[in-house]
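Student: Structure for the following, please:
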Amino acid sequence: MNNRMKPQVIAIAGVSGGGKTTIANYLHRHLQNSRILFFDDYDFDGVDDIIDWVNRGANYESWDLSPLIKDVDKLRHEPLNYIVLDYPFAYKNAKMSDVIDFTVFIDTPLDVAMARRMLRDFKTSSTATIMSEMENYISQGRMGYMEMLKSVKPNSNVVVDGMLSVSEITDKIMEAIKEG
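Tutor: Numbers count the residues shown, from 1 in each chain. Model prediction:
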């Protein structure tokens, strides 16, 4: 029987543009013997319209996260120390929460997160496209961001200020991991 410890699964949550991917990548590079998985690399069944989903009560069980869970389970049997997840929901999905050991919420002000998202996703877009995206955010998209603050943030083990530098955020996460 193998008595080797399973790797610790650390989920990095936050709103779009909040810094999840940046922090997950940085953390992965600084945690010895780790692997990383990205939520956005999967095509999940379940929710097509985020705003409708929020309006209906944001049931996190609506997401079929089995492809991600399967990959985490595979990695948990490898000789790793850590598995870092760029994953927005913390413990909110019951099946996914069974494979996560520790969650971090990157608490970035919504205006900063939106500005980062616009810089990241709309660099080559027309002014009309950018204006349309901003109108959509004001009329409905912000509800999705607010849902994350209402439900995911309080369901995380640690909340870190998203305005800190990447190294400061990561230092706080590493400290929290050590404290357990």
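
Student: what about L164, how many neighbours?
Tutor: By other Cβ atoms under 10 Å, 16 other residues sit near L164. Glycine gets a C-beta too; all of them are placed from N, C-alpha and C.

Student: My guess is it contacts I173. True?
Tutor: No. In this structure, L164 is not within contact of I173 by Cβ atoms under 8 Å, at 10.6 Å.

Student: Please, where are all the strands along this protein?
Tutor: Using DSSP state E, the strands of the chain run over 8-13, 34-38, 82-86, 102-107, 158-161.

Student: could I get these as JSON lines with distance to S139?
Tutor: Formatted as JSON lines, the strands of the chain follow (distance: least, Cβ to Cβ, whole Å):
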{"stretch": "strand 8-13", "distance to S139": "25"}
{"stretch": "strand 34-38", "distance to S139": "29"}
{"stretch": "strand 82-86", "distance to S139": "28"}
{"stretch": "strand 102-107", "distance to S139": "24"}
{"stretch": "strand 158-161", "distance to S139": "28"}
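
Student: got those as a markdown table, with mean pLDDT and mean neighbour count columns?
Tutor: Listed next are the strands of the chain as a markdown table, based on pLDDT from 0 to 100; neighbours: other Cβ atoms under 10 Å:
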| stretch | mean pLDDT | mean neighbour count |
| --- | --- | --- |
| strand 8-13 | 97 | 26 |
| strand 34-38 | 97 | 18 |
| strand 82-86 | 98 | 24 |
| strand 102-107 | 97 | 24 |
| strand 158-161 | 97 | 17 |
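
Student: how about those, which one is nearest Y137?
Tutor: strand 102-107 (18.8 Å; Cβ to Cβ).

Student: quick one: strands adjacent to the closest one?
Tutor: Using DSSP bridges, the strands paired with strand 102-107 in its sheet are strand 8-13 (parallel), strand 158-161 (parallel).
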